[in-house]
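In: Turn this into a model:
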Amino acid sequence: MPVFSNQEKIDIIAVFREVDNSPRRARRLYAQRFPGRLLPSLGVFARTEMNLRLHGAFGIPMIGNRRIVDDPHLRALVVEHVNDNPHIGQRGIALALGTSRHSVGRILKSEFFHNFKVHLNQELRDGDFQRRVDFCNFMLQQLQLQPNFQHEICWSDESTFSSEGTVNRHNMHYYSIDNPHWMQDRHIQGGYIVPYIVH
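Out: Reported below is the predicted structural model:
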């Protein structure tokens with residue numbers, strides 16, 4: 001969208017009013033009077049005049065950071081919800097209190113609550129070391145037989161999968177002012193075994 005200077009906008013409005021607010025005639029007259037300038041589209045004439053009439057400016061004024069009405073009662077209720085259940089989400093609090101999710105988010109931020117997300121880690125068991133050694137020996141043998149064997153494997157960095165569905169980390173959070181180093185044990189491997197090597 002072309003940007004016109006204030007002087008060009010003054011000329012756009014003057015020409016538009018001169019031809020009784022007809023965009024087509026205004027465009028023709030503007031092209032005759034200002035042949036070296038960028039020619040505004042038909043909509044620019046009406047929009048520029050309307051913005052000046054409605055807002056007292058050539059463009060729609062930008063709304064800056066709006067002040068949020070600070071309701072101490074709502075603030076106390078939000079903090080109480082988080083203290084009662086640190087795993088609750090902003091939508092859950094907003095639904096319970098009948099306010100917007102954005103208001104809840106602003107209150108939590110102003111109260112210095114942080115949304116700590118869980119990180120998935122693998123637990124190493126006693127037999128894991130030997131299985132890793134066995135896998136490395138298997139790979140070395142296969143690479144001696146087939147030098148490009150590793151290109152026939154579908155590698156994945158997903159170390160967490162389950163026969164009971166996916167792990168949704170988005171819903172696993174903990175609101176707190178300080179990092180609680182929260183851990184949650186989930187047995188997500190088991191059930192069926194997915195083949196790692198695809199030929």
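
In: Find the least confident helix or strand in the chain, judged by mean pLDDT.
Out: Ranked by mean pLDDT, DSSP states H and E, the weakest helix or strand in the chain is strand 173-176, scoring a mean of 72.

In: For it, which outside residues touch it?
Out: Applying Cβ atoms under 8 Å, 6 or more residues apart in numbering, the external contacts of strand 173-176 come out as 82, 86-89, 108, 113-118, 180, 182. All C-beta spots, glycine's among them, are computed from the backbone N, C-alpha and C.

In: Could you tell me which of these belong to strands?
Out: His114, Asn115, Phe116, Lys117 (DSSP state E).

In: For PyMOL, write the select line for the buried members of these.
Out: Here is the PyMOL command that selects only those of the ones in strands among the contacts of strand 173-176 that count as buried (16 or more other Cβ atoms under 10 Å):
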select buried, resi 116
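
In: Same list as before, the ones in strands among the contacts of strand 173-176 that is, but in a markdown table and with pLDDT included.
Out: Formatted as a markdown table, the ones in strands among the contacts of strand 173-176 follow (pLDDT from 0 to 100):
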| residue | pLDDT |
| --- | --- |
| His114 | 84 |
| Asn115 | 83 |
| Phe116 | 77 |
| Lys117 | 75 |
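
In: sorry, back to before: and of the contacts of strand 173-176, the nearest to Asp128?
Out: Val118 (22.0 Å; Cβ to Cβ).

In: neighbours of the closest one, just the number please.
Out: 17 (other Cβ atoms under 10 Å).

In: Relative to Gly89, how far out is it?
Out: 14 Å (Cβ to Cβ, to the nearest Å).

In: per the record, what domains does this structure have?
Out: 6-55, 68-119 (the TED database).

In: mind putting the ones you listed in JSON lines, distance to Asp134 included?
Out: Converted to JSON lines, the domains of the chain look like this (distance: least, Cβ to Cβ, whole Å):
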{"stretch": "domain 6-55", "distance to Asp134": "71"}
{"stretch": "domain 68-119", "distance to Asp134": "28"}
